[in-house]
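>>> My questions concern the predicted model and sequence given below.
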Amino acid sequence: MCGWKSEPSGNVGRGRRPRLSERWSLLPSTRWIAQTFQTSVLRASRSTLAAFAFLTALLAGCSRQESSAPPPPPPQHILRISQRNEPADLDPATASLPDELFIIRALSEGLVTPAPDNGAPEPAAAESWEVSADGLTYTFHLRSNAQWSNGAPVTAADFVASYRRVLTPATAAPKAPLFFMVKNARAFATGQLNDFSAVGFWAPSPLTLVVTLERPMPQFLRYVASGPWIPVNPRIVTALGRHWTRPGNFVGNGAFTLEEWRPQQRIVVRKNPSYHAADHIHLDEIQFIAFDSGDTEERAFRSGQLDITMAIPFAKLETYWTERPDEAHRAPLAETRYLTFNTLRAPLNDIRVRRALSLALDRARLAEKVVRAGQEPAFRMVPPVLRGADDHDSHLLGGGEENIATARELLAAAGFPNGRGFPRLELSGWTIGPPVTEAIQEMWKKELGIDVKLLTREAKVHVAALRAGLYDIGFITAIPDVPDAINLLDDFTTGSPGNYPHWSDARYDELMAAAAQAPEAAEQAARLRDAEARLLEQCPVAPLYFNTTNWLMRANVQGWHQDAFWTRFYHDVYLDE
Amino acid sequence: MLRFIARRLLETIPVLLIIITATFFMIRFVPGGPFTAEKAVTPEILRNLEAHYGLNKPLYRQYLDYLGSLLHGDLGPSFKYPNRTVNEIIGDKLPVSLELGFISLAVALVLGLTLGVLAAIKRNTWIDYVCSSAAMIGICVPTFVLGPLLVLTFAIHFGWVNASGWYTPIDRVLPCLTLGCVYAAYVARLTRGGMLEVLNQDYIRTARAKGASETRVIFRHALRGGLLPVVSFLGPAIAGILTGSFVIETIFQIPGLGREFVNSAFNRDYTLVLGTVILYATLIIGLNLVVDVVQVWLNPKLKFE
């Protein structure tokens, strides 16, 4: 599975309207308003004109403080990216959303970094590493020229202190479990162990970091490349407390430094000249501009205020793909949208009913005609990018016409021939653009003769209902924290907090445990495939489609990469003049 | 008058307390918490998070703690934004909402009063019809239609202004115009109605009979009485314009408090929800008091009691 690469476009020289200067002086703006007004409402009465003059004066008065500070000279290569969720913080220890990591990864880097092609992680703060023969000990060698943005050298002790901070219960790091393969890390994070020296992090020299694991873990480096493993400067954090992530305070070891953070407006980062790979950074500045609404974002793109959007409004997808194909872009995501069946409730506790419901879904039509953004129909739970290297099966779950007949048979065997007597179940979802649940309702009605009730809930209410088991059938999404199929499939083991079907299967639990124990990648992939097959056979969930991301990008942005896990890569990005 | 104001202010204390208590418990009983996400947090981590934010204490204890810190003017830390307090967030966002609100209000008053007075004094002429139709259209067209229309025309087609943002003076034009126009429409209709009623009164005829100029009649005598309906409307309108600008703030990506208020409810940012509710409640109570005082001042028939 390859990552998406930005295609060079022939339509580079499309004229762009000059951007409005942010230092618009008071006088021209006033004059402009008056001129616009005079031309547009020339015949308006004198009193209205007077009224407008008053408004203009008021406008000028209110904005005086904005234009007083002389800003520094404008840099040359500024990339303006939409930021759809305001980051809660820029602290790698507490970050839990990809949106936060978009910015954190520009400011700091971990030992290793994800690869743009979704492949094995690449060197970042560590230039090399060795793994012991038993797969339990990883020795990372840090770069000798790596610096914090305040000039201090980046040392192995900084990494140990950062990891100690993530695992300290009082930090309340939501993603601390991404460290739990490290020896004694779980015990320390849950307060059972107070001595951090017993945790498997050790810095024998300033440039050497040794990590000892509980058991061999073939995908360990992918965890090291995840967001919470990005270090912080421990001295700055101790000295400044919760204020350390503010502009002027933030100290990182990444390609950019934090210049400005206006909440709900924009975050500006500027090139860090002392970054060890500064040669690969061609952008002088990145502006992450906040947008709450996709429509507002799209209008800002059209007016020339943005270079890259986060999405394309659902209603405008087709228009952009047909009329502006050089600006519309798409990449697959490691995200499975699926239906969860509440296995605690009748008749969904009957495997025949669950299978019938799953088999009756026309996934290809759902992907092609309903969600319509290049999604791939899902006949498996694990998205292609997370499958083993020699696992090329797109189907572990039947698909096609013949399944409708099987579905009807199963439903009849369960006591509901042609859907007769089937209770009116509730199919719940949260607000998304395309009418997915409506389409599913129609498919079941047509193929099985059963009628479900639709319910749309606010996202958190929906998730809380799924967790509490207060639902019949739920539409939900699975996004792994790290590029590892275990992280996704673990949710369906007995008692897992992400086990929305409230399903418990001893065989599945065994297969997952065996997969976790597998010391080597190919074997692990095979075990996981077995577990996934078991999951699909028992059908507590019905995968629907693998999601994609669609965005708008100006044709002059070159070298832009983002992987299937929402990681963006700012190295080697440049703007064509 | 002072006694009246003092009594009204005293009355606000129990009102606010009821609002705070109701909000505190209602938001806690909404399903889903600040840490609910599609990717579930493990129970041990959830315990750490709840201990960190004091959510592991009994609810009544949290309530009393909150009231205690409120007495010191401390609205608490934000659950969603750990590096900011609610006081900081409100301090950051309120000025933006006030600026948006007051400029829009100025637009509304200037446009609305002008149209309304014009329509009233040129009653049943083409001027009246134009002004009244404009007001009717303004009432009927919602902000989420007018805003994008203005953006399409002036930002995307002509390229004169930015489509969104709140950085430069010019960025204020479209949002303030959009929000102002809707209120201007109401003001215009109310002014026209009020003025028409007053212009038929005996004292206006008296003023004309005594030879007062038309300008003097309108601005000196008629307007004061004609504005009464507008003033009653302005109390809730100001509160609405300051608090209810969520739609405008979203359309134009303005970092105001309205958006923060709505998002805080979605994020289950308990303290931020409470902080904004308290602020809005205080604003609405205060503005209603101001309107009552102004009405007595404008209308000699009313008295403080």
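Thanks, I have it.
>>> ok, A:Leu344 - how many residues close by?
Number of residues near A:Leu344 (other CB atoms under 10 Å in any protein chain shown) recorded here: 12. C-beta here means a position set from N, CA and C on the backbone, and glycine is covered the same way.
>>> same thing with the one 4 residues further on?
For A:Leu348, the count of nearby residues is 21 (other CB under 10 Å).
>>> And the one 4 residues further on, by the same measure?
A:Arg352 is flanked by 18 other residues according to other CB under 10 Å.
>>> On the three-state scheme, it is what?
Under DSSP: H, G, I helix; E, B strand; the rest coil, the three-state class of A:Arg352 is helix.
>>> my guess is it contacts A:Ala414, does it?
Yes. Between A:Arg352 and A:Ala414 there is a contact under CB atoms under 8 Å: 4.2 Å.
>>> Can you verify A:Gly429 is assigned to a strand?
Yes. A:Gly429 sits within a strand when classified using three-state DSSP.
>>> mind listing the helices for chain B?
Assigned by DSSP state H, the helices in chain B fall at B:2-29, B:43-52, B:59-71, B:86-121, B:126-140, B:143-150, B:173-199, B:202-209, B:214-216, B:223-226, B:228-243, B:246-251, B:257-267, B:270-298.
>>> elements contacting the third one?
Secondary structure elements in contact with helix B:59-71, counted by 3 or more CB pairs under 8 Å, 6 or more residues apart in numbering or on different chains; DSSP states H and E, are helix B:2-29, helix B:270-298.
>>> what about A:Ala389, distance to chain B?
Distance from A:Ala389 to chain B, counting by CB to the nearest CB, to the nearest Å: 26 Å.
>>> how much space is there between that residue and A:Ala120?
11 Å (CB to CB, to the nearest Å).
>>> Comparing these two, which shows the higher neighbour count?
Between A:Ala389 and A:Ala120, counting by other CB under 10 Å, A:Ala120 is the more crowded of the two (14 against 8).
>>> Hmm, A:Phe220 and that one touching each other?
No. Counting by CB under 8 Å, A:Ala120 sits too far from A:Phe220 to count as a contact (11.3 Å).
>>> still on that earlier bit, least reliable of the helices and strands packed on helix B:59-71 going by mean pLDDT?
Among the helices and strands packed on helix B:59-71, helix B:270-298 has the lowest mean pLDDT, at a mean of 88.
>>> Now do the SS call for A:Ala133.
Here A:Ala133 takes the coil state, with states given by three-state DSSP.
>>> rewinding a little: identify, out of the helices and strands packed on helix B:59-71, the most deeply packed stretch.
helix B:270-298 (a mean of 19; mean count of other CB atoms under 10 Å in any protein chain shown).
>>> Contacts only, for the residue nearest to A:Val573 when sequence neighbours are not counted.
Leaving aside its sequence neighbours, A:Val573 sits nearest to A:Gly559 (CB to CB, 6 or more residues apart in numbering or on different chains; 4.6 Å). By CB atoms under 8 Å, 6 or more residues apart in numbering or on different chains, the contact set of A:Gly559 is A:Ser6, A:His282, A:Asp572, A:Val573, A:Tyr574.
>>> Please repeat the previous calculation with a cut-off of 10 Å.
A:Gly559 is in contact with A:5-6, A:8, A:116, A:280, A:282-283, A:569-576, counting by CB atoms under 10 Å, 6 or more residues apart in numbering or on different chains.
>>> Could you report the distance from the residue nearest to A:Ile450 when sequence neighbours are not counted to A:Val353?
Closest residue to A:Ile450 apart from its sequence neighbours, by CB to CB, 6+ apart: A:Gly419 at 3.9 Å. Noted for A:Gly419: a distance of 11 Å to A:Val353, by CB to CB.
>>> So those two - more neighbours on which side?
In this view A:Gly419 and A:Val353 are compared by other CB under 10 Å, and A:Val353 has more residues nearby, 24 against 17.
>>> Does that one touch A:Gly421 like I think?
No. At 11.8 Å, A:Val353 does not count as touching A:Gly421 under the criterion of CB atoms under 10 Å.
>>> which residues are in contact with both of those two?
With CB under 10 Å, 6+ apart, A:Val353 and A:Gly421 have common neighbours A:Pro347, A:Gly415, A:Ile450.
>>> now these in TSV, with secondary structure and pLDDT?
TSV is the format used below for the shared contacts of A:Val353 and A:Gly421 (DSSP: H, G, I helix; E, B strand; the rest coil; pLDDT from 0 to 100):
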residue	secondary structure	pLDDT
A:Pro347	coil	94
A:Gly415	coil	95
A:Ile450	coil	95
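>>> between these, which is nearest A:Val371?
A:Ile450 (22.7 Å; CB to CB).
>>> Enumerate every residue touching that closest one.
A:353, A:356-357, A:360, A:411, A:416, A:418-425, A:441, A:444.
>>> A:Leu411 versus that one, what's the distance?
For A:Ile450, the distance to A:Leu411 - CB to CB - is 8 Å.
>>> Tell me the pLDDT of A:Ser6.
35.
>>> Then A:Ser144?
94.
>>> burial count for it?
11.
>>> quick one: which helix or strand includes it?
Assessed by DSSP states H and E, A:Ser144 sits outside every helix and strand.
>>> Tell me which residue in chain B sits closest to chain A.
Distances between chain B and chain A by CB to the nearest CB are smallest at B:Gly32, namely 3.1 Å.
>>> Could you report the neighbour count for the nearest residue to that residue once chain neighbours are set aside?
Using CB to CB, 6+ apart and skipping the chain neighbours, the partner closest in space to B:Gly32 is A:Lys460 (3.1 Å). Neighbour count for A:Lys460, taken as other CB under 10 Å: 22.
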